[in-house]
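Visitor: Build me a structure from this.
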Amino acid sequence: MYIFSSTIFMPLMYHIKNTMSRKFFYFFNISLNLLVLLTFYVFYFLYKIKILI
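Guide: As a prediction, this is how the structure comes out:
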């Protein structure tokens, strides 16, 4: 799932990199990756709880 979302974001990222400054691009990239990981972790956590209940 994470790899799949990353491949979708790749062309978008390349376009954003061309339009934005480099420092902001790195910040945006890191924040987006953290957001994806966080949502993935939350879904995994909910999945675990569902199994336990």
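Visitor: Would you pull up how far stretch 26-45 lies from the middle of the chain?
Guide: Centroid separation between stretch 26-45 and its chain, computed with C-alpha atoms, centre = their mean, to the nearest Å, is 4 Å.
Visitor: What part of this structure, helix or strand, is modelled with the least confidence?
Guide: The helix or strand of the chain with the lowest confidence, counting by mean pLDDT, DSSP states H and E, is helix 2-19 at a mean of 68.
Visitor: Mind checking what helix or strand follows it in sequence?
Guide: Later in the chain than helix 2-19, the nearest helix or strand by DSSP states H and E is helix 22-52.
Visitor: ok, the closest residue to residue 29 other than its chain neighbours to residue 42 distance?
Guide: Nearest residue to residue 29, sequence neighbours excluded (C-beta to C-beta, 6 or more residues apart in numbering): residue 13, at 6.6 Å. From N, CA and C alone the C-beta is placed, and that goes for glycine too. Distance, residue 13 to residue 42, by C-beta to C-beta, to the nearest Å: 23 Å.
Visitor: Around residue 50, how many other residues sit close by?
Guide: 8 (other C-beta atoms under 10 Å).
Visitor: now swap in residue 28 and tell me
Guide: By other C-beta under 10 Å, 14 other residues sit near residue 28.
Visitor: and what of residue 33?
Guide: By other C-beta under 10 Å, the residues close to residue 33 number 14.
Visitor: Tell me the pLDDT of it.
Guide: At residue 33, the model reports a pLDDT of 87.
Visitor: i'd like the first residue to be 856 from this point on
Guide: Shifting the count to begin at 856 puts that one at residue 888.
Visitor: coming back round to it: more crowded one of residue 868 and residue 897?
Guide: Taking other C-beta under 10 Å, residue 868 and residue 897 do not tie; residue 868 has more neighbours (15 against 10).
Visitor: Done for today, thanks.
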